[in-house]
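**Q** take this sequence and fold it.
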Amino acid sequence: MCGEDCQPKEPAKIIRAKNGDIIIEAMSGEIVLRGKNIRIEAIDGKGEVTVTSTSQIALNSPIQSFKSTNSNSVSTNNLTVAGNVVED
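**A** Below you'll find the predicted structure:
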């Protein structure tokens with residue numbers, strides 16, 4: 001347990017590698033990130049965020065927002081897009 005005496009917006013825990021990568025691995029279990037908000041940021045000018053799965057990736061929320069210069073959606077089997085109202 002950490003962060004009992006932290007001030008608002010003060011990190012309770014930092015994991016920092018001066019060089020090299022940080023790998024969090026659960027060999028026979030799940031990794032769960034739980035918090036009020038969860039943010040993933042790639043801060044390099046050419047940084048990327050990659051999510052890969054051998055089964056499925058599920059996004060479930062009342063609102064999903066995507067903003068990009070270019071957007072691609074490719075499916076080799078089925079692609080279904082449906083909606084009731086489309087607004088700009």
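**Q** stretch 25-40 spans what distance, first to last residue?
**A** 17 Å (C-alpha to C-alpha, to the nearest Å).
**Q** distance from the chain centre to that stretch, please.
**A** Mean C-alpha position of stretch 25-40 versus that of the full chain (C-alpha atoms, centre = their mean, to the nearest Å) differs by 10 Å.
**Q** cool, stretch 74-88 as well?
**A** Counting by C-alpha atoms, centre = their mean, stretch 74-88 is centred 22 Å from the centre of its parent chain.
**Q** give me the contacts around that stretch.
**A** With C-beta atoms under 8 Å, 6 or more residues apart in numbering as the test, stretch 74-88 has contacts from Ser73. For the C-beta atoms, the positions are set from N, CA and C on the backbone; glycine is no exception.
**Q** what's the mean pLDDT across that stretch?
**A** Model confidence over stretch 74-88 averages 85 on the pLDDT scale.
**Q** with just CA atoms, put it into PDB.
**A** As requested, C-alpha coordinates have been extracted for stretch 74-88 and formatted as PDB (Å, rounded to 0.1, in the frame of the first residue of the first chain):
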ATOM      1  CA  VAL A  74      -9.700  -3.400 -42.500                       C
ATOM      2  CA  SER A  75     -11.400  -6.800 -42.100                       C
ATOM      3  CA  THR A  76     -10.600 -10.000 -44.000                       C
ATOM      4  CA  ASN A  77     -14.000 -11.600 -43.200                       C
ATOM      5  CA  ASN A  78     -16.900  -9.400 -42.000                       C
ATOM      6  CA  LEU A  79     -17.200  -5.700 -41.200                       C
ATOM      7  CA  THR A  80     -20.400  -4.300 -39.800                       C
ATOM      8  CA  VAL A  81     -21.000  -0.600 -39.100                       C
ATOM      9  CA  ALA A  82     -24.400   0.400 -37.800                       C
ATOM     10  CA  GLY A  83     -25.900   3.500 -36.100                       C
ATOM     11  CA  ASN A  84     -29.100   5.300 -35.600                       C
ATOM     12  CA  VAL A  85     -27.900   8.900 -35.900                       C
ATOM     13  CA  VAL A  86     -24.700  10.100 -37.400                       C
ATOM     14  CA  GLU A  87     -23.600  13.700 -36.600                       C
ATOM     15  CA  ASP A  88     -20.500  15.700 -37.500                       C
END
